[in-house]
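Undergrad: What would the 3D arrangement of this be:
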Amino acid sequence: MPPPTGLLAALAVLGWPAAAASAAPAAAAPPPLVAVTIVGAPETVYSPARGACDGDDVPDANARAFRDAEGHVVLFAMHMKNRALRGPDFDRLALDCTPPLASRGDPDPARYDDASWITATWTEDGRRVEALLHHEYRANTHPGRCTHRDYLACWYNTVVAARSADGGRSFQRDSPPAVVAAPPFRQEVGQGRHRGFFNPSNIFGEGRHRYMMTSSTGWAGQPGGPCLFRTDTPDRPESWLAFDGRAFSIRFGDPYRDAPKPKPCQVLAPFPAPVGAVVRHRASGAWIAVFQARADGRLFPQSGFYTTASRDLLHWDEPRLLLAGATLYDDPCGAGGSLVNYPSIIDRNARGRNFDDIGDTADLYFTRLAVEGCRVTSDRELLRRRLAIKVL
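TA: Predicted structure coming up:
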């Protein structure tokens, strides 16, 4: 199985809480809108021991699902070969062994084709599917591209687009690459730290608008943390614009083909790190976000998964603990044998094709990772637990 790198490594080492909190709006959090509670025991959705096609088939991203044109469920949550779980419903999913999108290990960072994960999808008809890719340029693996040996010190991250015309069975990249969010500078040989935009949330819709959140690592003038992006045309990757505090006006374009000088996007509180998923509660109209956090003795009394809710996607209420447990932000030496990661919320009875709405019940999807001593392993399972949602 692959080593715990990629999205896994990013979450394990980044120190997000202080950076995100310092950049957040100063207004007090509104009172809680909804309560999300776990009411079911863990169920195994996918285990490599039973369903893998090869040693690369381990859960390595937040679960994203849509209904294809035949009404079947397509769920992405795997490693860099991006194989999908498919089935007539969420209880009968099996891994499709045909990789729909290859990670080619291209040594040229301007081609954005080194290591990619399908981390968000959107479809109107179940046939044409737009995807957002968490793309990593791993300069330490390409001779002469990084003066450091450390993986993270050489890591340049972007969000790029791909599309499918066959219900997600194969995805194609544009030429030149379709960049959705990139930092306003190129990969540097002497970089020294993880840089760029990474870990997009799911894509979620309201009216004609489509939204997603993606996190920056922070650079001069730009705080680190999640920013909100919007488009009315997800099939045009260049139309994704970030919120600047007043309007959706910022295009984080391709620094290899343009000369972008964007102003900073507004980092949203209370998120200490990338947002796992955002869904809309049908009864109340509230947006609900799920994410993970490390205990800080203040906003996050325990490590684990948290939820928060909002009316406008900008002002979020006080986080509520959903599932306590050591996460990849915690010291694995004291994890007790396992960690939890990659939370997402999906309602199997969602009205929308993209599962971005939920009723009064839904499921928490997440990955459990085994720890041996102080080492995070690639022994992982994709699990789910039943949720109850109550308006407060």
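
Undergrad: what sits against Ala52?
TA: 58, 95 (Cβ atoms under 8 Å, 6 or more residues apart in numbering). All C-beta atoms are positioned from the backbone trio N, CA, C, and that covers glycine.

Undergrad: Report the next helix or strand after the lowest-mean-pLDDT helix or strand in the chain in sequence order.
TA: Taking mean pLDDT, DSSP states H and E as the measure, the helices and strands of the chain show their lowest mean at helix 16-23, namely a mean of 37. Where DSSP states H and E defines the elements, the next helix or strand beyond helix 16-23 is strand 34-38.

Undergrad: Show me what counts as buried in that next one.
TA: Residues of strand 34-38 classed as buried by neighbour count (16 or more other Cβ atoms under 10 Å): 34, 36.

Undergrad: Quick check: Ile203 touching Arg230?
TA: No: taking Cβ atoms under 8 Å as the definition, Ile203 is not a contact partner of Arg230, at 10.3 Å.

Undergrad: shared neighbours, those two?
TA: Common contacts of Ile203 and Arg230 (Cβ under 8 Å, 6+ apart): 210-211.

Undergrad: In terms of packing, which of those two has more residues around it?
TA: More neighbours surround Ile203 than the other of Ile203 and Arg230, with 26 against 17 (other Cβ atoms under 10 Å).

Undergrad: Relative to Val45, how far out is that one?
TA: According to Cβ to Cβ, to the nearest Å, Ile203 and Val45 sit 21 Å apart.

Undergrad: can you check Ala247 too?
TA: 39 Å.

Undergrad: likewise Val189?
TA: Applying Cβ to Cβ to Val189 and Val45 gives a distance of 42 Å.

Undergrad: more neighbours, these two?
TA: Val45 (22 against 11).

Undergrad: My guess is the more buried one contacts Leu383. True?
TA: Yes: applying Cβ under 8 Å, one finds Val45 in contact with Leu383, separated by 6.3 Å.

Undergrad: which neighbours do the two share?
TA: Tyr365.

Undergrad: Listing partners with orientation, what would you give for the strand ranked longest in the chain?
TA: Using DSSP state E to define each element, the chain has its longest strand at strand 375-391. In the sheet, strand 375-391 lines up against strand 34-38 (antiparallel), strand 43-46 (antiparallel), strand 361-372 (antiparallel) (DSSP bridges).

Undergrad: Excluding sequence neighbours, find me the nearest residue to Arg294.
TA: Nearest residue to Arg294 in three dimensions, chain neighbours excluded: Tyr329, at 3.6 Å (Cβ to Cβ, 6 or more residues apart in numbering).

Undergrad: Show the pLDDT at that neighbour.
TA: For Tyr329, the pLDDT comes out at 89.

Undergrad: ok but it is inside a strand, no?
TA: No: remark: Tyr329 does not belong to a strand; assigned using DSSP: H, G, I helix; E, B strand; the rest coil, it is coil.

Undergrad: Wait, it touches Phe300, no?
TA: No: Tyr329 is not in contact with Phe300 according to Cβ under 8 Å; the separation is 9.7 Å.

Undergrad: Overlap in contacts, these two.
TA: 293-294.

Undergrad: What's the separation between His209 and Ala326?
TA: For His209, the distance to Ala326 equals 37 Å [Cβ to Cβ].

Undergrad: scratch that, Ala139
TA: 30 Å.

Undergrad: Also Val340?
TA: Per Cβ to Cβ, Val340 is found 7 Å from Ala326.

Undergrad: Grab the nearest non-local neighbour of the residue sitting furthest away from the middle of the chain.
TA: Going by Cα atoms, centre = their mean, the residue of the chain most distant from its centre is Gly144, 30.3 Å out. Leaving out its chain neighbours, the residue that sits closest to Gly144 by Cβ to Cβ, 6+ apart is Val189, at 7.6 Å.

Undergrad: quick one: pLDDT of the one you found?
TA: Reported pLDDT for Val189: 96.

Undergrad: Three-state assignment for it, please.
TA: Val189 ends up coil, using three-state DSSP.

Undergrad: which ones are touching it?
TA: With Cβ under 8 Å, 6+ apart, Val189 has these contacts: 139, 144-147.

Undergrad: of those, buried ones?
TA: 139, 145-146.

Undergrad: The residues you listed into JSON lines, with extra columns for distance to Ser116?
TA: Converted to JSON lines, these look like this (distance: Cβ to Cβ, whole Å):
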{"residue": "Ala139", "distance to Ser116": "16"}
{"residue": "Arg145", "distance to Ser116": "17"}
{"residue": "Cys146", "distance to Ser116": "19"}
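
Undergrad: Show the end-to-end separation of stretch 153-171, please.
TA: Length of stretch 153-171, first residue to last, Cα to Cα, to the nearest Å: 30 Å.
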